[in-house]
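**Student:** Sequence first, then the predicted structure, then my questions.
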Amino acid sequence: MIIQPTPLKVLLVDDEAYFRLFVGKVLSLSVNCTVTEARNGQEALAHCQTNNPDLILLDINMPQMDGVQALPRIRAVKIATPIVMLTSVSEEAVVEECVTLGASYFIRKDVQADQLKAELQEMLRMFFPATPETNEQPRPPQS
Amino acid sequence: MNNPDPPKAKLPSLADYLVRYDLASLLEEARLDYNQSAAGGPRHLDQKDIAARFRDARRTQPKAPDEPR
């Protein structure tokens, strides 16, 4: 588990409730965080206008406003926040578009649960590496 | 003087009219001809390729504000 001094504020944007549940569990077991959920790009954008998430996980195929539409709008509001696309879309053109629109990273979610968990944890290490001091395990009391 | 009859050409059998295909090599050719990009479909990237794209993008762009902490 990556130890953060203050809980990371994660915004998880996906229209599938069971997937939000799974990712939320993986995140909370991997890092000290609070997870806020949004069901589409519109809700995500509204959240970003009044809140300050540390990390945004953004699906692509969603009703009302999809992830590719939402990405530049969220990026315009949150210039410095890592925005990670978390999607089953894997077409090269879409990946390139997300790079251009300012996505920080891209994770395929149409994989085995174990692999997805590993990718999410790798992404957390990439954007929020724990400092050696905070990552130390508490020492047992000396007798 | 009797000329001996020229040797008769062997009559073709049904087997001579059969075209034999090497199915294994045909299958291999088809596999090479009809891959994803040759068929005109979109190319899909696996996670390793996607990660490489983002690594390259980070290298070529000026330092972004969302660089890993």
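**Tutor:** Now that the structure is in, tell me what you want to look at. Residues are numbered from 1 along each chain as shown, chains lettered A, B, ... in the order given.
**Student:** Check which helix or strand the residue most central in space within chain A maps to.
**Tutor:** In chain A, the residue lying closest to the centroid (Cα atoms, centre = their mean) is residue A:57, at 3.1 Å. Residue A:57 is located in strand A:55-58, with elements delineated by DSSP states H and E.
**Student:** What number of residues are in the vicinity of residue A:117?
**Tutor:** 18 (other Cβ atoms under 10 Å in any protein chain shown). Using the backbone N, CA and C atoms, a C-beta is placed for each residue, glycine as well.
**Student:** Kindly provide the distance from it to chain B.
**Tutor:** Distance, residue A:117 to chain B, using Cβ to the nearest Cβ, to the nearest Å: 13 Å.
**Student:** so how far is the helix or strand containing that residue off the chain centroid?
**Tutor:** Per DSSP H and E, residue A:117 falls inside helix A:113-127. Put simply, helix A:113-127 sits 10 Å off its chain's centre (Cα atoms, centre = their mean, to the nearest Å).
**Student:** gap between the two ends of stretch A:44-63?
**Tutor:** End-to-end distance for stretch A:44-63: 12 Å, by Cα to Cα, to the nearest Å.
**Student:** Is it in proximity to chain B?
**Tutor:** No: counting by Cβ under 8 Å from any Cβ of the partner chain, chain B is not contacted by stretch A:44-63; separation bottoms out at 9.6 Å.
**Student:** Give me the helices and strands touching the longest helix along chain B, please.
**Tutor:** Counting by DSSP state H, the longest helix found in chain B is helix B:47-60. Here helix B:47-60 touches helix A:92-101, strand A:105-108, going by 3 or more Cβ pairs under 8 Å, 6 or more residues apart in numbering or on different chains; DSSP states H and E.
**Student:** Can you check what angle separates the longest one from helix B:47-60?
**Tutor:** Angle between the axes of helix A:92-101 and helix B:47-60 is 30 degrees (criterion: axes from the mean of the first three to the mean of the last three Cα atoms, to 10 degrees).
**Student:** how about the helices in the chain?
**Tutor:** Picking chain A for this. A:17-30, A:41-50, A:67-77, A:92-101, A:113-127, A:132-135.
**Student:** wait, I meant chain B there
**Tutor:** B:14-17, B:23-33, B:47-60.
**Student:** Most tightly packed of those?
**Tutor:** Burial of the helices of chain B is given as mean neighbour count (mean count of other Cβ atoms under 10 Å in any protein chain shown); helix B:47-60 ranks first at a mean of 14.
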